[in-house]
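**Student:** Just need the structure, nothing else, for what follows:
(2 chains)
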Amino acid sequence: MLKVDDLHTEFDTPDGIVYAVNGVSFEVRPGEFVGVVGESGSGKSVTMMSLLRLIPMPPGRVVSGSAKFDDDDLLAMDQGDLRTVRGGKIGFIFQDPMTSLNPVLSIGHQITEPLKLHLRCDRKTANETAANLLTMVGLPDAKQRLKSYPHELSGGMRQRVMIAIALACSPQLLIADEPTTALDVTVQAQIIEIVRNLRDQLGTAMIWITHDLGVIAGLADRVIVMYGGAIVEEARVADLYQRPQHPYTQGLLRSIPRLDQKGSTLESITGTPPSLYAAPTGCTFAPRCPHAFDRCLREVPVSIAVGDDHRVACWYDTDAEAPRDV
Amino acid sequence: MSDPSVATAVAPNREGDALVSVTDLEKHFPIMKGVFRRQVGAVRAVDGISFDIYRGETLGLVGESGSGKSTAGRTVLRLEKPTNGSILFEGRDLATLSNSELRKLRPRMQMVFQNPHSSLNPRMTVASIIGEPIVEHRSLTKQERRTRIGELLELVGLDPSHANRYPHEFSGGQRQRIGIARAIALDPDFIVCDEPVSALDVSIQAQVVNLLERVQDELGLAYLFISHDMSMVRHIADRVAVMYLGRIVELAPVDQLYESPKHPYTRALHSAVPVPDPVVEGQRMRVILSGDIPSPANPPSGCPFHTRCPVARDRCSVDVPESREIEPGHVVACHFADEPGW
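**Tutor:** Take a look at the predicted model:
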């Protein structure tokens, strides 16, 4: 349904060009729930923003690549067509529910806006649909709530409103960028429960961006791990957590404490994430990688299939404990 | 390569006196209104909490935002003046000490802040940031001070030759190391760590936590480790207190609190924390709380948790539950904590 191919995005900064996304390719199938994991600066948000051309240009620029949504290339279509996609066929939920709602417009206004625009609803139907949407995301007194303004709602309620807006036009794909990061755990659990139910009811395909390997473990069908502006590993959720192949994924899983286990020492990944001020000439993880060898510094790793639906971009085979033969 | 930190946690020395002993601590912030700025109410940020911290142990303090955990940490160090209650530090009550007496005790108790970007002065070099407490409280020569700063930097895993750089030249994790070096510069006995790793990237958090554990072992420090991350607290703490709306609802040794939590809020928190394992996630029981944490300016009557509690009964909205010790060292504030399973 969505097929992204060799996406490159750069930013001009006073200190030079930042190579934020370096050759990202992936696809999302209809009804599929894809988790995208990465730390800050790994390029996960920039990738998704690039798809919908939400990157501020300048200083940003999508240098090359294509993003086919059904049969249209999102990166090549004109602004008018793109507008029917954004908010219509593809919904977007942003991280911060405090700043992504307009403070001077009522909740009702903000939910009905896409309905009127994309579905050409009249005011009455739009209001009814909006109230139904709010009920669906678990806001009580939906009719009353339509008249509220964002400041009257708590963080969790605002994020529900954001989800309602994103779902308003029954999109085929919903992209959620760290939708629960700004929320408390008990509220996060509420939102996750809502998303789980909606997904079962509506069958919408989803991309859920997060830095928390825990959140998507119970949600996603497939997980993409990003590091230094590239995809380092992608696999079905069970495979990724049980048989991680990339040294970064392995290190990450070992370095987080678990609620259900009393661990001894946490194994940490040494060093710091890469700065991306130069186009990568090798593996961006190599300086922190316990298995790095000379090829890792010379050649950018290609994506290698290591199993059913399981791909890894690494020159080293951690199972065989030897460099890969490719 | 992982940090060579020692895995064994220091067992709290229960026979000896507590290093820090907090009793019925309250911190209320007044709400002023009108032309004459009359007080019309109070935000009851910390509303009567009691706990002890023993030498060399880590007490975890967990809670959601607005639970009062940070205010509790700041009040324990008397960075905020408590409204009521006492904070005994080796038997001396910090709540009533004069500023000059307090100042003499300051080197013994320190703080590591959440945000390593705003808690270091951008115009000071690393050497002067770490050296400032030494200048204030110790009389060392310039040369001795420089040596000490070098030692401290090495201890926290930074290159001593970077002492003359400025904070912006370091990454978040490195800055947090500088904050830790500053906190241990005067050889304290007690450090309040207020969400020390929450602002850091996942792959960096483990580095800093391992450092905190290593430093604790080497210097015999006691920590009050404030965090919203239940998994991290399980890893680092010896005992854990759970806060909700300014009160401690449950306090227990770490394994008891995580294996057999008694308070409904603790159970809900547990089930809300996702586990990075799809198999476990698929099988877990979920307790989903409704609503949000109420405002501490207008807390509910009776048990503060009764508005969201899945097992609340009539009594809960009337009577405030007392903290009861239901097993040795396991304190719960719930009327029905000893009723089995729900």
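**Student:** how much space between the residue nearest the centre of chain B and chain A?
**Tutor:** Central residue check for chain B by C-alpha atoms, centre = their mean: the C-alpha nearest the mean position is that of residue B:226, 2.4 Å away. Relative to chain A, residue B:226 is positioned 15 Å away (C-beta to the nearest C-beta, to the nearest Å). (C-beta placed from N, C-alpha, C; glycine too.)
**Student:** list the helices and strands the strand or helix carrying that residue packs on?
**Tutor:** Assigning secondary structure by DSSP states H and E places residue B:226 in strand B:222-227. Contacts defined by 3 or more C-beta pairs under 8 Å, 6 or more residues apart in numbering or on different chains; DSSP states H and E place strand B:222-227 against strand B:58-62, helix B:69-76, strand B:190-194, helix B:230-236.
**Student:** Worst mean pLDDT across the helices and strands of chain B, which element?
**Tutor:** Of all the helices and strands that make up chain B, the one with the lowest confidence by mean pLDDT, DSSP states H and E is helix B:278-283; it has a mean of 84.
**Student:** Whether the longest helix seen in chain B contacts chain A - can you check?
**Tutor:** When chain B is scanned for its longest helix (criterion: DSSP state H), the result is helix B:202-219. Yes - legend: contact between helix B:202-219 and chain A by C-beta under 8 Å from any C-beta of the partner chain is shown at B:202, B:203, B:204, B:205, B:206, B:207, B:209, B:210, B:213.
**Student:** From the residues you listed, keep the buried residues only.
**Tutor:** B:202, B:203, B:204, B:205, B:206, B:207, B:209, B:210, B:213 (16 or more other C-beta atoms under 10 Å in any protein chain shown).
**Student:** ok, now which ones touch the fourth one?
**Tutor:** When you say that, I think you mean residue B:205. Remark: with contacts taken as C-beta atoms under 8 Å, 6 or more residues apart in numbering or on different chains, residue B:205 is in contact with A:255, A:256, B:197, B:232.
**Student:** Can I get the buried part of those residues as one PyMOL selection?
**Tutor:** If you want just the buried ones from the contacts of residue B:205 in PyMOL, going by 16+ other C-beta under 10 Å, the selection is:
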select buried, (chain A and resi 255+256) or (chain B and resi 197+232)
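**Student:** could I get the contacts of residue B:205 as JSON lines with distance to residue B:72?
**Tutor:** Conversion of the contacts of residue B:205 to JSON lines gives the following (distance: C-beta to C-beta, whole Å):
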{"residue": "A:255", "distance to residue B:72": "29"}
{"residue": "A:256", "distance to residue B:72": "26"}
{"residue": "B:197", "distance to residue B:72": "19"}
{"residue": "B:232", "distance to residue B:72": "18"}
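**Student:** Out of the contacts of residue B:205, list just those in helices.
**Tutor:** Among these, the members falling in helices (DSSP H) are A:255, B:232.
**Student:** check contacts around the residue nearest to the centre of chain B.
**Tutor:** Applying C-beta under 8 Å, 6+ apart to residue B:226 gives the contacts B:60, B:61, B:62, B:69, B:70, B:72, B:73, B:192, B:193, B:194, B:195.
**Student:** repeat for residue A:202
**Tutor:** If you count contacts by C-beta under 8 Å, 6+ apart, then residue A:202 has A:167, A:170 around it.
**Student:** pLDDT score assigned to it?
**Tutor:** The pLDDT attached to residue A:202 in the predicted structure is 82.
**Student:** Quick check: the gap between it and residue A:196.
**Tutor:** Taken as C-beta to C-beta, to the nearest Å, the spacing of residue A:202 relative to residue A:196 amounts to 11 Å.
**Student:** Also residue B:250?
**Tutor:** 28 Å.
**Student:** between those two, which one's more packed in?
**Tutor:** Comparing residue B:250 with residue A:196 by neighbour count (other C-beta atoms under 10 Å in any protein chain shown), the higher total belongs to residue B:250, at 28 against 14.
**Student:** Chain neighbours aside, what residue packs nearest to that one?
**Tutor:** Once flanking residues are discounted, residue B:250 sits nearest to residue B:263: 4.2 Å by C-beta to C-beta, 6 or more residues apart in numbering or on different chains.
**Student:** Go ahead and confirm the one you found touches residue B:334.
**Tutor:** Yes - under the criterion of C-beta atoms under 8 Å, residue B:263 is in contact with residue B:334, at a separation of 5.0 Å.
**Student:** what is in contact with those two at once?
**Tutor:** Residues touching both residue B:263 and residue B:334 by C-beta under 8 Å, 6+ apart: B:249, B:250.
**Student:** where along chain A do the strands fall?
**Tutor:** Counting by DSSP state E, chain A has these strands, from start to end: A:2-13, A:16-28, A:33-37, A:60-69, A:72-73, A:90-93, A:173-177, A:205-210, A:222-227, A:230-236, A:304-307, A:310-312, A:316-317, A:322-323.
**Student:** which stretch among those strands comes nearest residue A:159?
**Tutor:** Relative to residue A:159, the nearest member of the strands of chain A by C-beta to C-beta is strand A:90-93, separated by 7.7 Å.
**Student:** so who does residue 312 touch?
**Tutor:** By default, I'm working from chain A. Contacts for residue A:312 (C-beta under 8 Å, 6+ apart) come out as A:232, A:233, A:245, A:246, A:303, A:304, A:306.
**Student:** should've been chain B
**Tutor:** Taking C-beta under 8 Å, 6+ apart as the contact definition, residue B:312 lies against B:303, B:305, B:306.
**Student:** Quick one: residues contacting the residue nearest to residue B:123 when sequence neighbours are not counted.
**Tutor:** Closest residue in space to residue B:123, ignoring its immediate chain neighbours: residue B:166 at 7.6 Å, by C-beta to C-beta, 6+ apart. Residues in contact with residue B:166 (C-beta under 8 Å, 6+ apart) are B:122, B:123, B:124, B:125, B:126.
**Student:** from those residues, which ones fall inside helices?
**Tutor:** By the criterion of DSSP H, membership of the contacts of residue B:166 in helices covers residue B:126.
**Student:** Now pLDDT and neighbour count too, for the contacts of residue B:166, in JSON lines please.
**Tutor:** Formatted as JSON lines, these follow (pLDDT from 0 to 100; neighbours: other C-beta atoms under 10 Å in any protein chain shown):
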{"residue": "B:122", "pLDDT": "93", "neighbour count": "9"}
{"residue": "B:123", "pLDDT": "94", "neighbour count": "8"}
{"residue": "B:124", "pLDDT": "94", "neighbour count": "14"}
{"residue": "B:125", "pLDDT": "94", "neighbour count": "16"}
{"residue": "B:126", "pLDDT": "94", "neighbour count": "27"}
